[in-house]
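Asker: Okay, structure incoming, though there's no sequence with it:
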């Protein structure tokens, strides 16, 4: 089964690109020329199963949801014969449950959710790629007296839905600040869209969110209602001291000053904590299908990144770092195939 020969002009362009942008530029040129690894001269076409494939995303108006929508559109042409069906969910924890149960074939989940996932089927999880980082964000009205997490005592706070990565890390953040979610605040289990709506209407005093930058629901909120992002960097060390593998997933990070231009005060970067997102699957998902999905995720970076800016950070140099999960065999094939 041989690849279509590369025309001389394309080969020259690839060699020129390789000298300046060795991986991303080469992939882009190959795809533009119709020479991606799946366009084979074999009469049987792409070597993966065709039909419906289920992909768990997240809450509506969240970054997982938008990323999934754009990936679905890209996959429609990049993976001929495959129909990518999107399933909204509460977030990372539910997504892992859906994958190990066979309800979905692919999903996005935070690395800390994977590390703390309590299931006898956890060993069946495999990674496809490290995508982009989620940034922990505590959102309050611009005029709120809340300056740090411990100031939330007694307030109405959105803590994410029960099976979301937001809820998982919010409990840890509150504990690090000396607060108990069930006793010291009035929690509301809401997705980011509903939390934004309730903050604006005065039903919430604050809400936590863990997502890529910028998150559309927060951008929309900031354009209609004055908000402020509370720094969380003071809790980074406490998160690192947690027991278990979740601690290794967190790192100190900064929300850039232009992530939410309308947030108050304007033009100010906010120190916080970040956690990587992984694209996950199961050990029994067909390697050919996983290899095709891996290629599609990498090749779609610039297209999706033009809309979901966090996706611009999907990179071949970091995609293979999928701790705490091993790579699926199909993903490993892809990354091996594109080594220079």
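Answerer: Everything's here; your move. This structure is a prediction, so every number in the text was calculated from the model and none was measured.
Asker: all strands of the stretch 101-250 of the chain, in order?
Answerer: For the stretch 101-250 of the chain, the strands defined by DSSP state E, counting those that start in this stretch cover 106-110, 125-141, 156-158, 186-188, 206-211, 227-230.
Asker: among the ones you listed, which is the most enclosed?
Answerer: strand 106-110 (a mean of 28; mean count of other Cβ atoms under 10 Å). (Each C-beta comes from the backbone N, C-alpha and C, glycine too.)
Asker: quick one, what contacts residue 152?
Answerer: 146, 174, 177, 179, 184, 185, 205, 206 (Cβ atoms under 8 Å, 6 or more residues apart in numbering).
Asker: And the first one, how close does it get to residue 207?
Answerer: The reference is to residue 146. For residue 146, the distance to residue 207 equals 11 Å [Cβ to Cβ, to the nearest Å].
Asker: coming back round to it: can you tell me which of the contacts of residue 152 is closest to residue 214?
Answerer: Lowest distance from residue 214 to these (Cβ to Cβ) belongs to residue 206, with 18.6 Å.
Asker: State the distance from the closest one to residue 229.
Answerer: 11 Å.
Asker: So for stretch 222-232, mean pLDDT?
Answerer: What stretch 222-232 shows for mean pLDDT is 97.
Asker: can you list the domain ranges for this structure.
Answerer: By the assignment in automatic domain parsing, the chain contains the domains 1-45, 48-131+277-337, 134-276.
Asker: remind me which residues of the protein are low pLDDT?
Answerer: For the chain, the stretches with pLDDT under 70 are 1-45, 243-245, 339-340.
Asker: what do you get if the cut-off is 90, keeping everything else the same?
Answerer: The chain contains residues with pLDDT under 90 at 1-47, 61, 236-249, 309-313, 315-317, 338-340.
Asker: Next, the angle from the helix ranked longest in the chain to strand 206-211.
Answerer: The residue-count maximum for a helix in the chain (DSSP state H) belongs to helix 63-78. Using axes from the mean of the first three to the mean of the last three Cα atoms, to 10 degrees, one finds that helix 63-78 and strand 206-211 are set 30 degrees apart in direction.
Asker: Following element in sequence after helix 63-78, please.
Answerer: strand 82-87 (DSSP states H and E).
Asker: neighbouring strands for that following strand, and are they parallel or not?
Answerer: strand 51-56 (parallel) (DSSP bridges).
Asker: Any buried residues in the strand it pairs with, and which?
Answerer: For strand 51-56, burial by neighbour count (16 or more other Cβ atoms under 10 Å) applies to 53, 54, 55, 56.
Asker: Please apply the same query to stretch 110-117.
Answerer: Buried residues in stretch 110-117, counted by 16+ other Cβ under 10 Å: 110, 111, 112, 113, 114, 115, 116, 117.
Asker: Which neighbours do residue 206 and residue 229 have in common?
Answerer: Shared contacts of residue 206 and residue 229 (Cβ under 8 Å, 6+ apart): 138, 139.
Asker: So which residues of the stretch 151-300 of the chain form helices?
Answerer: 165-176, 192-201, 216-224, 236-240, 287-299 (DSSP state H, counting those that start in this stretch).
Asker: out of the ones you listed, nearest to residue 273?
Answerer: Among the helices of the stretch 151-300 of the chain, helix 236-240 sits nearest to residue 273 (Cβ to Cβ), with 5.0 Å.
Asker: other SSEs contacting the closest one?
Answerer: In terms of contact count using 3 or more Cβ pairs under 8 Å, 6 or more residues apart in numbering; DSSP states H and E, helix 236-240 is assigned the packing partners helix 165-176.
Asker: circling back: mind putting the buried residues of stretch 110-117 in a markdown table, distance to residue 161 included?
Answerer: Converted to a markdown table, the buried residues of stretch 110-117 look like this (distance: Cβ to Cβ, whole Å):
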| residue | distance to residue 161 |
| --- | --- |
| 110 | 14 |
| 111 | 19 |
| 112 | 16 |
| 113 | 13 |
| 114 | 18 |
| 115 | 20 |
| 116 | 16 |
| 117 | 16 |
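Asker: In TSV, list the strands of the stretch 101-250 of the chain along with distance to residue 94.
Answerer: Shown next, in TSV, are the strands of the stretch 101-250 of the chain (distance: least, Cβ to Cβ, whole Å):
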stretch	distance to residue 94
strand 106-110	9
strand 125-141	14
strand 156-158	17
strand 186-188	18
strand 206-211	14
strand 227-230	26
